[in-house]
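Undergrad: dropping a prediction and its sequence here:
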Amino acid sequence: MDPVAALRQIAFNLELQHEPTYRVRAFRRAAATIGGVDPDDLAKHVRAGTLTSLPGIGKATAGVVTEAVSGGEPKYLTDVLARGKGKIPGGGALAAALRGDCHTHSDWSDGGSPIAEMAETARDLGHEWMVLTDHSPRLTVANGLSADRLRAQLDVVAELNERMAPFRILTGIEVDILLDGTLDQDPDLLSRLDIVVASVHSKLRMSTSDMTRRMLAAVADPHVSVLGHCTGRLLGENKKRPESTFDAERVFEACRENGVAVEINSRPERLDPPLRLLRMAAELGCTFSIDSDAHAPGQLGWLPYGCERALECGIGPEDVLTTKTAEELLAWKES
């Protein structure tokens with residue numbers, strides 16, 4: 001077995017299972033090191049038992065490399081795969097129908113991996129496209145993109161699309177909805193992007209009436225394609241946050257009327273909107289985008305969480321943007 005592939009597969013599955021970042025990084029760092037070693041030199045290190053002398057290679061990763069070079073599946077990988085069985089939902093026919101993901105992050109903002117690695121993983125998962133949606137400038141804690149950095153990113157995406165075709169990286173942003181409902185990026189630059197996900201990240205406890213006005217203003221902006229994680233809740237054991245309160249019926253009706261999709265955020269610590277609101281949006285005839293909100297390659301595999309919730313609320317493939325081809329998605333945006 002290719003040792004680099006084994007290390008990357010372990011890292012992917014650890015991310016998929018929401019394991020600590022430091023553990024994932026150890027395997028990604030080891031994969032980068034081993035990938036740069038000449039195969040003959042690697043074989044010599046394996047025979048001599050000196051793998052741990054290489055930078056970023058510890059006892060566990062050395063064991064994975066040794067077992068992979070010997071021709072078998074490393075025990076560490078076998079154990080990680082076994083632990084993951086049954087943890088991730090299947091997502092049924094809806095998961096099988098997905099072609100892409102409208103909400104992903106890279107190390108240009110607060111993601112942990114380069115754009116190319118995110119795109120290659122999405123492609124390997126069977127996706128035809130993904131939208132790159134790094135954060136906007138006022139979210140400084142997430143290293144949000146200034147207008148100049150976003151322009152530079154567009155050039156990088158164009159180069160990657162030439163190399164990775166037919167897989168396609170669509171240009172985008174997760175833009176902050178500011179307190180008055182305006183968007184945190186230059187409008188002319190937003191008009192150049194394929195998809196704009198608009199999300200609230202600040203003052204989440206503002207009054208119901210003020211939050212409603214804020215969200216209605218954002219949804220009415222012609223640049224907005226998707227309303228991201230609408231309640232902002234967090235369900236994690238170590239970091240919980242209650243839902244923002246707003247007039248959900250008015251906001252979802254505005255989404256429908258303005259051609260803005262309601263995001264079904266698949267992150268296990270978000271699962272946003274809650275089921276009662278997701279049912280309301282479905283009953284009101286909204287369009288949806290099942291997204292991973294991935295900040296690392298393994299998290300791209302979280303989409304089945306959103307699919308299961310959509311199915312529970314009677315939402316089918318015909319209601320979901322992320323079942324469309326890239327061309328169909330862009331045609332929907334312009335319609």
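TA: Thanks, I have the structure now. Just so you know, these numbers come straight off a predicted model, no measurement behind them. Numbers count the residues shown, from 1 in each chain.

Undergrad: low-confidence ranges in the stretch 201-335 of the chain?
TA: For the stretch 201-335 of the chain, applying pLDDT under 70 flags no range at all.

Undergrad: what packs against the longest helix anywhere in the chain?
TA: Across the chain, the longest stretch assigned as helix under DSSP state H is helix 147-164. With contacts defined as 3 or more C-beta pairs under 8 Å, 6 or more residues apart in numbering; DSSP states H and E, helix 147-164 has these neighbours: helix 115-124, strand 168-176, helix 187-190. Using the backbone N, CA and C atoms, a C-beta is placed for each residue, glycine as well.

Undergrad: tell me the angle of that helix relative to strand 168-176?
TA: 160 degrees (axes from the mean of the first three to the mean of the last three C-alpha atoms, to 10 degrees).

Undergrad: what's around residue 12, how many residues?
TA: The number of residues packed near residue 12 is 23, by other C-beta atoms under 10 Å.

Undergrad: how close does the residue of the chain positioned farthest from its centre get to residue 246?
TA: Distance from the C-alpha centroid of the chain, by C-alpha atoms, centre = their mean, peaks at residue 48 (41.0 Å). In this view, residue 48 and residue 246 are 63 Å apart by C-beta to C-beta, to the nearest Å.

Undergrad: again, but for residue 109
TA: Taking C-beta to C-beta as the measure, residue 109 falls 26 Å from residue 246.

Undergrad: got it, and residue 13?
TA: From residue 13 across to residue 246, the span is 37 Å (C-beta to C-beta).

Undergrad: between these two, tell me which one has more neighbours.
TA: In this view residue 13 and residue 246 are compared by other C-beta under 10 Å, and residue 246 has more residues nearby, 23 against 20.

Undergrad: now do the same contact list for that one.
TA: Neighbour list for residue 246: 208, 211, 212, 215, 230 [criterion: C-beta atoms under 8 Å, 6 or more residues apart in numbering].

Undergrad: mind giving me the domain ranges of the chain?
TA: Annotated domains of the chain cover 3-84, 92-334 [automatic domain parsing].

Undergrad: tally of neighbours for residue 60?
TA: So residue 60, with other C-beta under 10 Å, has 14 neighbours.

Undergrad: end to end, how far does stretch 288-298 reach?
TA: Its first and final residues considered, stretch 288-298 spans 23 Å by C-alpha to C-alpha, to the nearest Å.

Undergrad: buried ones in stretch 155-174?
TA: 156, 157, 160, 161, 167, 168, 169, 170, 171, 172, 173, 174 (16 or more other C-beta atoms under 10 Å).

Undergrad: looking at the helices and strands packed on helix 147-164, which is closest to residue 318?
TA: When the helices and strands packed on helix 147-164 are compared by C-beta to C-beta, strand 168-176 sits nearest residue 318, at 20.9 Å.

Undergrad: and that closest one with helix 115-124, angle?
TA: Orientation check (the same axes, to 10 degrees): strand 168-176 against helix 115-124 gives 120 degrees.

Undergrad: how about strand 168-176 as CSV, C-alpha atoms only?
TA: Only the C-alpha atoms of strand 168-176 are listed here, as CSV (Å, rounded to 0.1, in the frame of the first residue of the first chain):
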residue,chain,number,x,y,z
ARG,A,168,-14.4,22.8,-11.2
ILE,A,169,-13.8,25.2,-8.3
LEU,A,170,-16.5,27.9,-8.4
THR,A,171,-15.6,31.2,-6.9
GLY,A,172,-17.3,32.5,-3.9
ILE,A,173,-17.2,33.9,-0.4
GLU,A,174,-18.9,33.5,3.0
VAL,A,175,-19.7,37.1,3.5
ASP,A,176,-20.6,38.5,6.9
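
Undergrad: now do that strand, average pLDDT.
TA: Mean pLDDT, strand 168-176: 98.

Undergrad: can you tell me the closest non-neighbouring residue to residue 168?
TA: residue 129 (4.3 Å; C-beta to C-beta, 6 or more residues apart in numbering).

Undergrad: return the subset of the contacts of residue 246 lying in helices.
TA: Counted as lying in helices by DSSP H, out of these, are 208, 211, 212, 215.

Undergrad: just the buried residues of the residues you listed.
TA: By 16+ other C-beta under 10 Å, these give 211, 212, 215 as buried.

Undergrad: how far away is the closest residue to the last one other than its chain neighbours from residue 56?
TA: The reference is to residue 215. Spatial nearest neighbour of residue 215, chain neighbours left out: residue 251 (5.0 Å); criterion: C-beta to C-beta, 6+ apart. From residue 251 across to residue 56, the span is 47 Å (C-beta to C-beta).

Undergrad: neighbour count: these two, which is higher?
TA: With neighbours defined as other C-beta under 10 Å, residue 251 and residue 56 compare such that residue 251 has more, 25 against 16.

Undergrad: that one reaches residue 218, doesn't it?
TA: No - contact criterion C-beta atoms under 8 Å: residue 251 and residue 218 do not qualify, at 9.4 Å.

Undergrad: which residues are in contact with both of those two?
TA: residue 227.

Undergrad: chain center to the strand or helix carrying residue 310, what's the gap?
TA: If you go by DSSP states H and E, residue 310 is part of helix 303-312. When C-alpha coordinates are averaged (C-alpha atoms, centre = their mean, to the nearest Å), helix 303-312 and its chain have centres 15 Å apart.
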